[in-house]
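Colleague: Got a predicted structure plus its sequence, pasted below:
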Amino acid sequence: MDNLKITVFQGYLFWENTDKNLQNITLRLSGGIREKTDLIILPEMFSTGFTMNAAALAEPMEGKTMQWMHQTAKQHDCVVTGSIIIKENDHYYNRLIWMRTDGTYEYYDKRHLFALGKEHNTYTAGNKKIMVELNGWKICPMICYDLRFPVWLRNLADNPYDLLIVVANWPERRALHWRTLLPARAVENQAYVIGVNRVGHDGNEVYHSGDSTCIDPNGNVVYYKRDEDDVYTFSIIADEVKKARRALPFLKDADEFEINL
């Protein structure tokens, strides 16, 4: 497992305007990435904002945003991830894509749909976690509201992930919860946790303060940014995961459980 270079995009999202968002993110990444990176992380619904207007904005899996993700992965020679609105078999999904440089990908459909925002009335929930690998790291990607459900995010002693990623459109009015839960997930799972959020007001006049962050397995802050657009690259250190688990091997003492889907 080598150290991993991560680039996070914390930015304003133009409401329900896919073309403008993709153009803006392309420009921001081109100007903001000044060194080789292994992974670019974008927010939840980065091409549209967090909207329930799926009928007008959803794309097929071969659509332009997927093509853009492939082109961006090739341009920067890295993996690109973030969630978009997908229509498949007459269902809409808030789907995280893990896009590689060669055009192959994995995907995760958001399990916990945000009922307060009536997300469950528009989108279909997923029922399967994914584990992806990059440079020897085992990585578990999740979406926004999933962060509140520690059982779904629980690390397993026999096959633990090293990095948990949460892409989000998390409103400022509940930013304290975001800033509390991300370190909790890092400490309890003895893994790095990266949360990437948007900034600015959305089309419903809900303000997002960003608060994108990276937390190491001991709860220390590696990166944090609030209220500002930011494209930032930092490293996460393989030895920090190994040392934390060696010094405090409590994953093996975790309760056994199963999730009924």
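Modeller: Structure's in. What do you need? Remember, it's a predicted structure, so these values are computed and weren't measured experimentally.
Colleague: Give me the nearest residue to the most centrally placed residue in the chain, chain neighbours excluded.
Modeller: Among the residues of the chain, the one closest to the centroid is Val167, at 2.7 Å (C-alpha atoms, centre = their mean). Distances taken as C-beta to C-beta, 6 or more residues apart in numbering place Glu44 nearest to Val167, at 4.7 Å, with adjacent residues excluded. All C-beta atoms are positioned from the backbone trio N, CA, C, and that covers glycine.
Colleague: can you check Met69 too?
Modeller: In space, Met69 is closest to Met99, 4.1 Å off (C-beta to C-beta, 6+ apart).
Colleague: list the contacts for that neighbour?
Modeller: If you count contacts by C-beta atoms under 8 Å, 6 or more residues apart in numbering, Met99 has them with 66, 69-70, 72-73, 79-81, 105.
Colleague: Equivalent analysis for Phe9, please.
Modeller: 25, 28-29, 32, 40-43, 46, 196, 230-231.
Colleague: Over to Lys138?
Modeller: Going by C-beta under 8 Å, 6+ apart, the list of residues near Lys138 reads 131-132, 159-163.
Colleague: On the strand side of things, show who it bridges to.
Modeller: On the basis of DSSP bridges, Lys138 is bridged to Glu133.
Colleague: gap between it and Leu156?
Modeller: Counting by C-beta to C-beta, to the nearest Å, the gap from Lys138 to Leu156 is 10 Å.
Colleague: before we move on, what about Val199?
Modeller: 34 Å.
Colleague: Same drill for those two, tell me which one is more crowded.
Modeller: Val199 (22 against 13; other C-beta atoms under 10 Å).
Colleague: just checking, the more buried one touches Asp211?
Modeller: No: using C-beta atoms under 8 Å, Val199 is not in contact with Asp211; the gap is 9.0 Å.
Colleague: In PyMOL, how would I select the buried members of the contacts of Lys138?
Modeller: In PyMOL, a selection of the buried entries from the contacts of Lys138 looks like this (16 or more other C-beta atoms under 10 Å):
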select buried, resi 132+160+161+162+163
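Colleague: Any chance of TSV for the contacts of Lys138, columns distance to Arg246, pLDDT and secondary structure?
Modeller: Compiled in TSV, these are given as follows (distance: C-beta to C-beta, whole Å; pLDDT from 0 to 100; DSSP: H, G, I helix; E, B strand; the rest coil):
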residue	distance to Arg246	pLDDT	secondary structure
Met131	22	97	coil
Val132	24	98	strand
Asn159	18	85	coil
Pro160	13	93	coil
Tyr161	17	97	coil
Asp162	14	98	coil
Leu163	18	98	strand
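Colleague: Closest one of the contacts of Lys138 to Asp239?
Modeller: Asp162 (11.4 Å; C-beta to C-beta).
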